[in-house]
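> Next one to model:
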Amino acid sequence: KIATGHNADDIAETVLMNILRGDIARLRRCTDIVTGTEGAIPRCKPFKYTYEKEIVMYAYFKKLDYFSTECVYSPNAYRGHARTFLKDLESIRSTTIIDIIHSG
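Okay, here's the model as predicted:
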């Protein structure tokens with residue numbers, strides 16, 4: 001298996017995008033901890049319930065080298081809009097990210 005760095009924020013964004021696109025087939029699959037089992041290399045998401053800010057704080061306090069790069073097109077991409085919407089919802093209700101993951 002390959003372990004990916006997808007965190008709770010990433011998965012909630014993906015759930016939101018699948019709902020907005022009406023992609024019900026991917027909706028269930030995107031919240032699974034292990035995906036790609038039908039292919040050659042299964043993938044697992046060990047950080048599924050870990051917030052991005054928790055990962056950043058852990059790296060900071062452990063004095064780990066941490067860098068984050070974002071595609072230059074990301075802010076104007078569909079995911080960028082989903083991310084902004086998600087952060088706005090999270091400012092109103094702190095459990096939004098986990099709630100969205102559970103709804104997938």
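
> end-to-end on stretch 47-65?
18 Å (Cα to Cα, to the nearest Å).

> Give the helix, strand or coil label for the residue located most distally from the centre of the chain.
Farthest-out residue of the chain from its mean C-alpha position, per Cα atoms, centre = their mean: residue 63, at 24.0 Å. Classification of residue 63 by DSSP: H, G, I helix; E, B strand; the rest coil places it in coil.

> Local confidence estimate at it?
pLDDT recorded at residue 63 is 94.

> what's the answer for residue 24, then?
On pLDDT, residue 24 comes in at 85.

> Now do the contacts for it.
residue 18 (Cβ atoms under 8 Å, 6 or more residues apart in numbering). Every C-beta, even on glycine, is put in place using the N, C-alpha and C of the backbone.

> ok, it to residue 95 distance?
According to Cβ to Cβ, to the nearest Å, residue 24 and residue 95 sit 24 Å apart.

> quick one: contacts for residue 50?
Listed by Cβ under 8 Å, 6+ apart, the contact partners of residue 50 are 7-8.
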